[in-house]
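Enquirer: pasting the sequence and the predicted coordinates here, then a few questions.
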Amino acid sequence: MGRPFDAVYLAAFYDRYGEAEWDRHERSAAHRVAFAVHAAFLRDHVQPGELVLEVGAGAGRFTIELSRLGARVHVGDLSPVQVELNRQHVDDVGASSSVVGRDVLDICDLSRFEDGTFDTVVCYGGALSYVRELAEQALGELVRVTKPGGHVLISVMSTLGTMRTFLPALTDEGRRFGLSHNERIFTTGELDRETNNGHEIKMYRWSELSALCKRHGELVAGAAANFLAASHDPAPFEALSEDEWDQLVSFELRLCREPGVLDAGTHILAAIRTPAPVSDEGVTHPR
Ligand SMILES: C[S@@+](CC[C@H](N)C(=O)[O-])C[C@H]1O[C@@H](n2cnc3c(N)ncnc32)[C@H](O)[C@@H]1O
């Protein structure tokens, strides 16, 4: 492990990144497919009227999806600029009335919220990857603020899928920084700011992520985001007809939970059901 998680550094990074965080989801067919898989995972787990905490929410793409699902959303992010962009983008589509609160916060410390406040907690796009050695503490917080029997939905960067997608760039990195650099990425999933455009993250294998989730609740679903579409050469996917596009998304949605692909997208999603309270008789009650 390199230097410890640095919240001030990361907030400044995402402040500078700014609007690029909103644009990222449209950057390529692979990004659009990843968005579709993440949105489908929300549809599977979020019910109309639920109170949802969305953390690491960024510029608001999934805040808007949650609003479309009829959820009431409390938005949080480490970066003040992302929180403001979230307000603007949600406003632009007329979804502000779905947002019940908006805070600058760190998922490692959600002490401002009582235990069991939210029906569902969503942490998409890697905040758990960014907090690296504090992931256990952060997931503990996400679970604590979720009602017993509710869901925590997370997505993190995938070590193997990212290596596969970016193999040409990784080969180049191995030449510049030495083969031990690539060996470290392969074994730990850790990327450091010096060699990764300022991003300091831990990527996961499914085996690591599922073990982490099971220490905090019941792992009820896992999925890979963009397995087919994350190719070395994105060019062929940029000129798909509408029918071809629909079929690609349909393939991705139908294959994304297969055990053989969980490690092979750029992101891994997981749904955790939080432990139900144990009654005096030792009988658990669903919510
Ligand atoms: C890649 S963006 C994802 C945004 C959005 N969830 C999405 O999937 O489109 C990661 C976001 O997580 C935020 N973030 C990173 N670490 C965080 C932490 N410890 N607590 C809260 N937010 C964090 C960043 O500021 C950034 O806005």
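Expert: Nice, thanks for sending it over.

Enquirer: every contact and neighbour count from this point should use C-alpha atoms.
Expert: Will do.

Enquirer: and stretch 245-256, which residues are buried?
Expert: For stretch 245-256, a neighbour-count test (16 or more other Cα atoms under 10 Å) marks 245, 248-249, 252-253, 255-256 as buried.

Enquirer: how about the strands in this structure?
Expert: In chain order, the chain shows strands spanning 51-55, 72-77, 99-104, 118-123, 146-157, 190-191, 201-202, 218-225, 267-273, with DSSP state E as the criterion.

Enquirer: those into JSON lines, with extra columns for distance to the ligand?
Expert: Conversion of those to JSON lines gives the following (distance: least, Cα to the nearest ligand atom, whole Å):
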{"stretch": "strand 51-55", "distance to the ligand": "6"}
{"stretch": "strand 72-77", "distance to the ligand": "4"}
{"stretch": "strand 99-104", "distance to the ligand": "8"}
{"stretch": "strand 118-123", "distance to the ligand": "6"}
{"stretch": "strand 146-157", "distance to the ligand": "8"}
{"stretch": "strand 190-191", "distance to the ligand": "15"}
{"stretch": "strand 201-202", "distance to the ligand": "10"}
{"stretch": "strand 218-225", "distance to the ligand": "11"}
{"stretch": "strand 267-273", "distance to the ligand": "10"}
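
Enquirer: CSV for the ones you listed, including mean neighbour count?
Expert: What follows is the strands of the chain, written out as CSV (neighbours: other Cα atoms under 10 Å):
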stretch, mean neighbour count
strand 51-55, 26
strand 72-77, 24
strand 99-104, 16
strand 118-123, 26
strand 146-157, 25
strand 190-191, 22
strand 201-202, 24
strand 218-225, 22
strand 267-273, 26
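
Enquirer: tabulate the ones you listed (CSV), appending distance to residue 8.
Expert: What follows is those, written out as CSV (distance: least, Cα to Cα, whole Å):
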stretch, distance to residue 8
strand 51-55, 17
strand 72-77, 12
strand 99-104, 12
strand 118-123, 19
strand 146-157, 21
strand 190-191, 18
strand 201-202, 15
strand 218-225, 29
strand 267-273, 25
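
Enquirer: tally up the residues packed near residue 6, please.
Expert: As a burial measure, residue 6 scores 12 neighbours (other Cα atoms under 10 Å).

Enquirer: confidence score at it?
Expert: Residue 6 carries a pLDDT value of 95.

Enquirer: now do residue 285
Expert: Residue 285 is assigned 47 on the pLDDT scale.

Enquirer: now do the same for residue 149: its pLDDT.
Expert: Reading off the confidence values, residue 149 has pLDDT 96.

Enquirer: my bad, should have said residue 274
Expert: In this model, residue 274 is scored at 96, pLDDT.

Enquirer: how about the residues of the protein near the ligand?
Expert: Proximity of the chain to the ligand, by Cα under 6 Å from any ligand atom, involves residues 11, 14, 55-58, 61, 77-79, 82, 105-108, 124-127, 130-131.

Enquirer: distance of the closest residue to residue 181 other than its chain neighbours from the ligand?
Expert: Using Cα to Cα, 6 or more residues apart in numbering and skipping residues adjacent in sequence, the residue nearest residue 181 is residue 174, 6.3 Å away. With distances defined as Cα to the nearest ligand atom, to the nearest Å, the gap from residue 174 to the ligand amounts to 25 Å.

Enquirer: got the contact list for residue 174?
Expert: Residues in contact with residue 174 (Cα atoms under 8 Å, 6 or more residues apart in numbering) are 180-182.

Enquirer: which of those residues has the most neighbours?
Expert: If you rank the contacts of residue 174 by neighbour count (other Cα under 10 Å), residue 182 sits at the top with 21 neighbours.

Enquirer: hang on, the earlier thing: nearest to residue 93, out of the strands of the chain?
Expert: With distances scored as Cα to Cα, the stretch of those nearest to residue 93 is strand 99-104 (12.5 Å).

Enquirer: residue 144 versus the closest residue to residue 12 other than its chain neighbours, what's the distance?
Expert: In this structure, residue 12 finds its nearest non-sequential neighbour in residue 79, 6.9 Å apart by Cα to Cα, 6+ apart. As judged by Cα to Cα, to the nearest Å, residue 79 and residue 144 stand 23 Å apart.
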